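Engineer: What would the 3D arrangement of this be:
(chains A, B, C and D)
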Number of protein chains: 4
Amino acid sequence: MKNGIISEDFRKKLHTIIYEADTKAGRFFDLALLAIILISVVAVMLESVASIKIRYGYELAVIEWIVTIFFTLEYIARLIAVKQPLKYALSFYGLIDLLATLPKYVGLLFPGTGFFIAIRAIRFLRIFRILKLTHFVGASNQLVVALRTSRAKIAVFLFCVLVICTILGTIMYMIEGPEHGFTSIPVSIYWTIVTLTTVGFGDITPTTPLGQLVSVVIMILGYGIIAVPTGLVTAELMRGEKKVNLNTQVCPNCSADKHRDDAKYCYRCGHSLHE
Amino acid sequence: MKNGIISEDFRKKLHTIIYEADTKAGRFFDLALLAIILISVVAVMLESVASIKIRYGYELAVIEWIVTIFFTLEYIARLIAVKQPLKYALSFYGLIDLLATLPKYVGLLFPGTGFFIAIRAIRFLRIFRILKLTHFVGASNQLVVALRTSRAKIAVFLFCVLVICTILGTIMYMIEGPEHGFTSIPVSIYWTIVTLTTVGFGDITPTTPLGQLVSVVIMILGYGIIAVPTGLVTAELMRGEKKVNLNTQVCPNCSADKHRDDAKYCYRCGHSLHE
Amino acid sequence: MKNGIISEDFRKKLHTIIYEADTKAGRFFDLALLAIILISVVAVMLESVASIKIRYGYELAVIEWIVTIFFTLEYIARLIAVKQPLKYALSFYGLIDLLATLPKYVGLLFPGTGFFIAIRAIRFLRIFRILKLTHFVGASNQLVVALRTSRAKIAVFLFCVLVICTILGTIMYMIEGPEHGFTSIPVSIYWTIVTLTTVGFGDITPTTPLGQLVSVVIMILGYGIIAVPTGLVTAELMRGEKKVNLNTQVCPNCSADKHRDDAKYCYRCGHSLHE
Amino acid sequence: MKNGIISEDFRKKLHTIIYEADTKAGRFFDLALLAIILISVVAVMLESVASIKIRYGYELAVIEWIVTIFFTLEYIARLIAVKQPLKYALSFYGLIDLLATLPKYVGLLFPGTGFFIAIRAIRFLRIFRILKLTHFVGASNQLVVALRTSRAKIAVFLFCVLVICTILGTIMYMIEGPEHGFTSIPVSIYWTIVTLTTVGFGDITPTTPLGQLVSVVIMILGYGIIAVPTGLVTAELMRGEKKVNLNTQVCPNCSADKHRDDAKYCYRCGHSLHE
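Structural biologist: I've put the predicted structure just below:
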């Protein structure tokens, strides 16, 4: 039905502008979008500052409305631009884009913003669209690859860290006990992680000599095993040199992105990319 | 005597289920076991939270009993499944498995749980069985290898760190002295380690200019030498690429595990693995 | 006009002394300059210490004057030494050198130092001239190269860190709320960064169980992703081995420095370096 | 004169025992020595704990005396064992060995221990002799080599860190000012280093929004540039694989140690090592 109203050409032009960052128009659109996303994020932040909300509450409300309307139009445009709107609507970014606009309208029906800040915060996720900007794609891909390939090792590492923290936390609980701030095992596990990761808030600190001895062990441990994730990622990064370049084109059919520069057809749905 | 009652076939089947994660049954058993271990761990934790213990004390006690009984049955099954029960009983995991069940029963004879939480915490160690899950073995082995091969270097490093902390701690004790919270050399060594490892609780902080100068040195030092363990592990990880794959089979005779995928006989007792 | 008064030879000799660290005189000049810069920096620092300012205010004022006069003479000498004084005057270091002398004189006209400490702090930047000392050039170049080549990746990394902190900070704000010290989203983003970077001041700490759970996630995250920049830089450093040696010669025409050891002509203006 | 009284054979045997860790006797001597050093260190520590000193003051004094006497005898033995006692006496370890014994005697003449703890702490340095133990030499050498070769780069790095801290510290002083705990530039530089190194004591914390913004920059910076020393050391460690093995032999003439395993003559004085 859509194709009836909107000409193919228009659809394709729209697609190039909205979904790709390779053309001049596309890059401009992305940057404009980012600017607006950032504005909306900043607005949400400032609104949380009591003093500012009192003085500039009205201005912030106006900005909020402008942003919301823009996002709504953008969302509709995105639906029009892809061949299979549903696929996009149900994709990760599709849902985020929707959630970035809805709450404001819902907020009209049911006042009481407390909960809607939560939803509006989802808007922040849209920022990740910046990674589509061509001169970042390469870098981000490489990072993602490095992290993905060392996923199993990192999982094992994190798992061991957590188990160690559980055990040491329990020990600390038995040594220091509630009277020294280690009110329960979960709390002293929390403390152990705070210490192992070398964050060290200092809200809870060991006071018994034995407790200090154990926490020294925890610190040295944390200071030492940080080497492991670093080693893993480094090793990956140095292996993962020769990688194919992916570009920001998006399949006009199923909106799959990250195609190889030399790709002719979508790797997911096989649809031609240069129709 | 055992072999009299229990048929060889049953023993072997049991062995495959309990000790190996390669078969469907084996994997299911491992996952079920893990679930129960996690439940018991969580139960021990929650019991330590005063408010929860008051409200759900009874439920937690029930869970505790169910878990204990399961562990007991499992322990017996393990004893039956191996050819040489004694070897298993005296192995590291064998002892942990025993300690995971006993305390509850001992607790019946001598009430007074304080000490038995300690023992029950040992149960946490059972979690490490998760590393038997096939898709982790490779990763964990590699990590272990990397750490083991750079053991000597790490020892030297830790040793130097400790000596440096001892010396700097003594210096800080002489500079700041008890009146500024550095009540004794051990305490100021503790503080030095807290600082060197960049944890920085802030419960004790230098107040004299000279003390602050020395602690700046300590921080820069700690900030810099963290590079050493990282460098060591990374170097190891990048050398330790070409490694043989080990699987989760366990020798039916001496319960040695981590056999090479292509192993026909146990590397420890020479017993056939495909009997 | 300048060339009229000052002989070419003198200009060249001056140029060698002031701008290059390869000759004995040049090295001596650099070291002397550094000594004076350090003195001036220390003076500015001490002046900020109330007790010291009261007791040694006069001495500090004198030192300040001596340093300022030296800097003025040096600045004039630098203007004379280069063929195109304007190019130097408008170069980064040229402006710093000017700003290192002016404020004192301006201070005479408009008393009220508060603001001028700020300007005088700029003097600290002059310290970076030390990197011209021959035995550092190589090292610093290599570092700069490593950082520059992994610039894009680091940018992506920092960007992701900031976005993650924004999102997690907002979540923490909604969990803990103003009553627990998370007075606004910006503040809890600040707290999130303090935690993620494992700094952990402890001025604000989560008190609700859920808040502590989220902060544990933040810490583990921060503890883990520190691996990324490390991996990037390491990978770069290990690739960037074969680099050309750059020396401290400065083009007598356009004051471009960091020429290849085998350079005959300035890479920027093509002017001969061995005129 | 010495050679008159003491036979060459005895001297050589003594030399092998005291200075080398390759023979059984030598290794035993080293371990015994280490045990005593550790005892003395622990004694010094415990003595600083008020409660312990009151209860066990006498026992500690006795231990102190025994250790001192042992060290004295050892020192004399070392003097006898080497051909050129003076060279040893003036060597780094020679002086430490002397300072490890003297203070106690001097303490007899001039009572008032406060200062002598300081000297006695020097004793801790003797612990480094442990690195002579054969199975550590390799590892420690490699670390030392890695650190030495990347010395210049580390220097540049530390220098930049310090300059950055100086500048940012001054900026923080101007933003926050004395009223928020940043009492002077040196203090706020101290705070900046505490923050940049991710230690974060929390005794001083920024309170103004601008101050918090700058400290966020400092943290991100510190979180990022820690990558540099790590990268340097890693790169070194991975290059510095093929290294000659050094052993623990010590030249009987000039007490130079760390000779190549295949060395026939002392690299410093050319004296034969297998005389």
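
Engineer: Tell me how many other residues surround residue A:9.
Structural biologist: 8 (other Cβ atoms under 10 Å in any protein chain shown). Heads up, the C-betas are built off the backbone N, CA and C, glycines and all.

Engineer: tell me the SS of it?
Structural biologist: At residue A:9 the chain is in helix, as set by DSSP: H, G, I helix; E, B strand; the rest coil.

Engineer: and if you look at residue A:207?
Structural biologist: Of the three states, residue A:207 takes coil according to three-state DSSP.

Engineer: Just the buried residues of the one helix or strand residue A:222 maps to, please?
Structural biologist: Using DSSP states H and E, residue A:222 sits in helix A:209-225. Within helix A:209-225, the residues that qualify as buried are A:211-212, A:214-216, A:218-225, counting by 16 or more other Cβ atoms under 10 Å in any protein chain shown.

Engineer: So the residue nearest the centre of chain A: helix, strand or coil?
Structural biologist: Nearest residue to the geometric centre of chain A (Cα atoms, centre = their mean): residue A:125, 5.1 Å. Put simply, residue A:125 is helix when judged by three-state DSSP.

Engineer: Same question for residue A:199.
Structural biologist: Strictly by three-state DSSP, residue A:199 counts as coil.

Engineer: Now do the same contact list for the closest residue to it other than its chain neighbours.
Structural biologist: Spatial nearest neighbour of residue A:199, chain neighbours left out: residue C:200 (3.6 Å); criterion: Cβ to Cβ, 6 or more residues apart in numbering or on different chains. Applying Cβ atoms under 8 Å, 6 or more residues apart in numbering or on different chains to residue C:200 gives the contacts A:194, A:198-202, B:199-200, C:194, D:200, D:202.

Engineer: repeat that for 7 Å
Structural biologist: For residue C:200, the contact set (Cβ atoms under 7 Å, 6 or more residues apart in numbering or on different chains) comprises A:194, A:199-201, C:194, D:200.

Engineer: Quick one: residues in contact with stretch A:54-61.
Structural biologist: Contacts of stretch A:54-61 (Cβ under 7 Å, 6+ apart): A:43, A:46-47.

Engineer: I'd like the distance between the residue in chain A sticking out farthest from the centre and residue A:10.
Structural biologist: Note on chain A: the largest C-alpha distance from the chain mean falls to residue A:209, namely 42.9 Å (Cα atoms, centre = their mean). From residue A:209 across to residue A:10, the span is 77 Å (Cβ to Cβ, to the nearest Å).

Engineer: now swap in residue A:169 and tell me
Structural biologist: Distance from residue A:169 to residue A:10, by Cβ to Cβ: 61 Å.

Engineer: Compare the two and say which is more crowded by neighbours.
Structural biologist: residue A:169 (27 against 12).

Engineer: need the contact list for that one.
Structural biologist: Residues near residue A:169 by Cβ under 7 Å, 6+ apart: A:185, A:188-189, A:191-192.

Engineer: Need these in TSV (columns: pLDDT).
Structural biologist: Listed next are those as TSV, based on pLDDT from 0 to 100:
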residue	pLDDT
A:185	88
A:188	92
A:189	92
A:191	94
A:192	94
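
Engineer: Any stretches of the stretch 151-275 of chain A with poor pLDDT?
Structural biologist: Applying pLDDT under 70 to the stretch 151-275 of chain A flags the ranges A:239-251, A:254-275.

Engineer: follow-up on the earlier one: identify all contacting residues around the helix holding residue A:222.
Structural biologist: Contacts for helix A:209-225 (Cβ under 7 Å, 6+ apart): A:168, A:171-172, A:175-176, A:192, A:195-198, A:206, B:154, B:158, B:190, B:193-194, B:197, B:199, B:226, B:229.

Engineer: Quick check: next helix or strand after it?
Structural biologist: helix A:227-239.

Engineer: Show me what that following helix is packed against.
Structural biologist: helix A:134-149, helix A:151-176, helix B:227-239, helix C:227-239 (3 or more Cβ pairs under 7 Å, 6 or more residues apart in numbering or on different chains; DSSP states H and E).

Engineer: send the alpha carbons of the third one over as CSV?
Structural biologist: Output for helix B:227-239, consisting of C-alpha atoms alone and laid out as CSV, is shown next (Å, rounded to 0.1, in the frame of the first residue of the first chain):
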residue,chain,number,x,y,z
ALA,B,227,52.1,-2.2,34.2
VAL,B,228,54.4,-5.1,35.2
PRO,B,229,51.8,-7.9,36.0
THR,B,230,49.8,-6.7,33.0
GLY,B,231,52.9,-6.9,30.7
LEU,B,232,53.7,-10.4,32.1
VAL,B,233,50.3,-11.9,31.5
THR,B,234,49.9,-10.3,28.1
ALA,B,235,53.2,-11.5,27.0
GLU,B,236,52.3,-15.0,28.2
LEU,B,237,48.8,-15.0,26.6
MET,B,238,50.3,-14.0,23.3
ARG,B,239,52.9,-16.7,23.4
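
Engineer: quick one: contacts for the closest residue to residue A:128 other than its chain neighbours?
Structural biologist: Closest residue to residue A:128 apart from its sequence neighbours, by Cβ to Cβ, 6+ apart: residue C:163 at 6.7 Å. Taking Cβ under 7 Å, 6+ apart as the contact definition, residue C:163 lies against A:124, A:127-128.

Engineer: Looks to me like residue A:73 is in a strand.
Structural biologist: No - counting by three-state DSSP, residue A:73 is not part of a strand but helix.

Engineer: gap between it and residue A:101?
Structural biologist: Per Cβ to Cβ, residue A:73 is found 9 Å from residue A:101.

Engineer: For chain D, what's its nearest residue on the stretch 1-150 of chain A.
Structural biologist: Taking Cβ to the nearest Cβ, chain D has its nearest neighbour within the stretch 1-150 of chain A at residue A:49, 9.0 Å off.

Engineer: and residue A:172, how many neighbours?
Structural biologist: Neighbour tally, residue A:172, other Cβ under 10 Å: 28.

Engineer: The closest residue to it other than its chain neighbours: neighbour count?
Structural biologist: Computed as Cβ to Cβ, 6+ apart, the closest residue to residue A:172 that is not its neighbour in sequence is residue A:188, at 4.6 Å. Residue A:188: 31 surrounding residues under other Cβ under 10 Å.

Engineer: Touching, residue A:188 and residue A:174? I think so.
Structural biologist: No - applying Cβ atoms under 7 Å, one finds residue A:188 not in contact with residue A:174, separated by 8.9 Å.

Engineer: OK, contacts around residue A:78?
Structural biologist: Counting by Cβ under 7 Å, 6+ apart, residue A:78 has contacts A:18, A:88, A:97.

Engineer: actually residue A:158, not the one I typed
Structural biologist: Shown in contact with residue A:158 (Cβ under 7 Å, 6+ apart): residue C:220.

Engineer: sorry, back to before: relative to residue A:37, how far out is the residue nearest to residue A:128?
Structural biologist: For residue C:163, the distance to residue A:37 equals 11 Å [Cβ to Cβ].

Engineer: cool, and residue A:72?
Structural biologist: Residue A:72 is 14 Å from residue A:37, by Cβ to Cβ.

Engineer: same deal with residue A:96?
Structural biologist: Counting by Cβ to Cβ, the gap from residue A:96 to residue A:37 is 11 Å.

Engineer: Would you mind telling me which of those two has the busier surroundings?
Structural biologist: Taking other Cβ under 10 Å, residue A:96 and residue A:37 do not tie; residue A:37 has more neighbours (22 against 16).

Engineer: helix, strand or coil for the residue in chain A that chain D sits nearest to?
Structural biologist: In chain A, the residue that lies nearest chain D is residue A:202 (5.5 Å; Cβ to the nearest Cβ). At residue A:202 the chain is in coil, as set by three-state DSSP.

Engineer: Next up, the contacts around the closest residue to residue A:125 other than its chain neighbours.
Structural biologist: Leaving aside its sequence neighbours, residue A:125 sits nearest to residue A:96 (Cβ to Cβ, 6+ apart; 5.1 Å). Counting by Cβ under 7 Å, 6+ apart, residue A:96 makes contact with A:122, A:125-126.

Engineer: CSV please, covering these and showing pLDDT.
Structural biologist: Output for these, formatted as CSV (pLDDT from 0 to 100):
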residue, pLDDT
A:122, 71
A:125, 75
A:126, 76
